[in-house]
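**Q** Please find the sequence and the predicted model below.
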Amino acid sequence: MISFQQALEKVISKTPKLASDVMGTKQALGYALAKPVVALEDHPMYDLSAIDGYAVYQSDIANASDENVVDLKIVAKIPAGDHKKIRLEPGTTALVMTGAKVPEGCDAVLSLDYVQTKGERVSIRKSVERCENIRFKGSELRKDDGVLEPGNYITPGTVAMLAALGYPSVIIHKKPRVAVVTTGDELIDISQPAVEGKVRDSNAFFLESALQKAGVESHMIERVPDEAKLLLYAVSKSIESADIIIVTGGVSVAEYNVMEPIFSELGVEQHFWEVAINPNKPVFFGTIGNKLVFGLPGNPVAVGMLFYELVLPSILTMMGRRAVYLQRVHANLESTLSKRSGRLEFIRGYLSWIGDTWSVVPFMKQESHMMSTFAKSNCIIVFPESKKIMEKGEKVEVHLLPWFYD
């Protein structure tokens with residue numbers, strides 16, 4: 001048995017990044033950059049006004065006040081997009097709109113709030129600092145400056161930046177194809193009536209929706225009874241068609257460990273089988289070529305916890321993402337928790353911002369089949385393997401589930 005940290009490090013070390021591809025900037029949302037993005041020109045490309053106002057020589061209005069009104073002649077009106085070459089002479093001013101190129105010679109722009117217009121002249125009762133309200137050429141970026149690094153997740157803000165930089169397309173990492181195989185004679189479809197000894201297959205629904213939430217489409221979803229030939233066929237087909245294969249159920253100990261011989265027969269190299277966690281100890285991870293195979297327990301909560309803490313980081317690594325782990329904060333624990341030492345435990349909880357700090361409430365029902373508390377959770381409380389008790393009021397590590405901000 002290995003620790004969870006060892007298991008996670010093993011998974012990440014065995015996860016390859018997928019090949020890169022060229023994609024239109026509009027379509028690249030949700031992917032990760034595979035190559036750096038640099039500025040193709042200076043930004044701004046010219047000196048421009050940060051406000052609607054009057055371009056001036058600062059020295060002309062250095063002493064302007066209510067008692068010392070300065071009168072200037074308006075020689076031009078410059079809207080945004082007008083790039084005619086205009087030079088301002090001392091004693092004159094030009095009306096400039098936000099984003100408009102400022103005339104040569106001016107060294108400040110005064111807000112309209114401090115100007116009174118009289119025909120072709122303005123009266124000014126306030127001074128302005130030199131360079132105020134001017135965005136100078138290259139003040140944000142110089143040509144060839146690095147802007148975005150490989151691994152950057154492409155957000156709407158990234159798309160806007162790429163558009164501003166003049167990138168109609170970018171080089172991204174492809175997304176993995178993920179196959180899901182849920183196993184067990186006890187599984188029935190969502191539409192079937194409840195029967196003793198049977199359970200509805202929630203794992204298939206969870207994994208398909210969790211993958212969709214992560215921006216990855218499930219490539220194949222199969223539900224298979226505990227029959228060796230059917231399992232062998234389903235997993236073999238998954239390995240042929242997908243980059244990541246997730247199998248739930250059949251990874252228990254002794255005679256109920258139906259998946260180990262199947263993985264072995266298919267040539268999957270085993271990297272670990274048991275992990276010191278709760279929920280749940282039997283966890284398989286193996287590789288076949290550049291493909292990853294995860295064997296998770298059948299208990300629904302164990303599937304959820306392990307997907308977010310172990311499988312999702314691998315998926316995001318394969319996508320080329322730099323940030324692959326759940327966001328982490330420290331919070332005040334609102335009730336005491338206890339367990340036996342020796343295993344890391346993932347606790348379902350609800351995180352809130354109260355006063356000036358994070359506060360987390362663990363749910364009472366933590367058994368690995370109890371989906372009701374997982375459905376209500378917005379975070380995972382980490383109970384370290386070395387500890388037997390975490391006291392109320394103690395600062396604990398909390399991992400935010402992807403829907404925390406939804």
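**A** Arrived safely. In this text, all values refer to a predicted model and were calculated from it rather than measured experimentally.

**Q** Count the neighbours of residue 340 for me.
**A** Neighbourhood size, residue 340 [other CB atoms under 10 Å]: 9. Backbone N, C-alpha and C define where each C-beta goes, glycine included.

**Q** what sits against it?
**A** By CB atoms under 8 Å, 6 or more residues apart in numbering, the contact set of residue 340 is residue 388.

**Q** Tell me the secondary structure of it, please.
**A** Classification of residue 340 using DSSP: H, G, I helix; E, B strand; the rest coil returns coil.

**Q** Please report how far it lies from residue 5.
**A** Residue 340 is 19 Å from residue 5, where distance means CB to CB, to the nearest Å.

**Q** for this protein, which helix is longest?
**A** Across the chain, the longest stretch assigned as helix under DSSP state H is helix 228-241.

**Q** what element comes up after it heading to the C-terminus?
**A** Sequence order places strand 244-248 as the next helix or strand after helix 228-241, per DSSP states H and E.

**Q** Strand partners (parallel or antiparallel) of that following strand?
**A** In the sheet, strand 244-248 lines up against strand 178-183 (parallel), strand 291-296 (parallel) (DSSP bridges).

**Q** now what about that strand, what contacts it?
**A** By CB under 8 Å, 6+ apart, the list of residues contacting strand 244-248 from outside reads 176-183, 203, 207, 235, 238-239, 259, 284, 291-298, 303, 307, 311, 314-315, 318.

**Q** ok, now stretch 381-401?
**A** Applying CB under 8 Å, 6+ apart, the external contacts of stretch 381-401 come out as 3-4, 276, 308-309, 325-349, 351, 358, 360, 362, 377-380.

**Q** quick one: the helices in the stretch 1-150 of the chain?
**A** Taking DSSP state H, counting those that start in this stretch to define them, one finds helices in the stretch 1-150 of the chain at 4-13.

**Q** Also the stretch 201-350 of the chain?
**A** Per DSSP H, counting those that start in this stretch, the stretch 201-350 of the chain carries helices over the ranges 202-213, 228-241, 259-265, 300-306, 312-318.

**Q** Adding mean pLDDT and mean neighbour count, write those out as TSV.
**A** Converted to TSV, the helices of the stretch 201-350 of the chain look like this (pLDDT from 0 to 100; neighbours: other CB atoms under 10 Å):
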stretch	mean pLDDT	mean neighbour count
helix 202-213	95	18
helix 228-241	95	16
helix 259-265	93	18
helix 300-306	94	25
helix 312-318	98	22
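
**Q** closest one to residue 153 among those?
**A** Closest approach to residue 153 among the helices of the stretch 201-350 of the chain (CB to CB): helix 312-318, 8.7 Å.

**Q** could you say what helices and strands the closest one packs with?
**A** Helix 312-318 sits against helix 4-13, strand 244-248, strand 291-296, with contacts defined as 3 or more CB pairs under 8 Å, 6 or more residues apart in numbering; DSSP states H and E.

**Q** in this protein, what residue sits furthest out from the centroid?
**A** residue 67 (56.4 Å; CA atoms, centre = their mean).

**Q** Okay, buried residues for stretch 56-75 please.
**A** Of the residues in stretch 56-75, those with enough neighbours to count as buried (16 or more other CB atoms under 10 Å) are 56, 57, 58, 60, 61, 64, 70, 72, 74, 75.

**Q** Which of those residues sits closest to residue 13?
**A** Checking these against residue 13 by CB to CB gives residue 58 as the nearest, at 59.6 Å.

**Q** The closest one and residue 88, how far apart?
**A** From residue 58 to residue 88 the distance is 11 Å (CB to CB).

**Q** Could you state which residue of the protein sits nearest its centroid?
**A** Short answer for the chain (CA atoms, centre = their mean): residue 153, at 6.4 Å.

**Q** does it have beta-bridge partners, and which?
**A** In this entry, residue 153 is beta-bridged to residue 32, by DSSP bridges.

**Q** repeat for residue 354
**A** residue 357.

**Q** Residue 10 - nearest residue in space that isn't next to it in sequence?
**A** Spatial nearest neighbour of residue 10, excluding adjacent residues (CB to CB, 6 or more residues apart in numbering): residue 271 at 5.4 Å.
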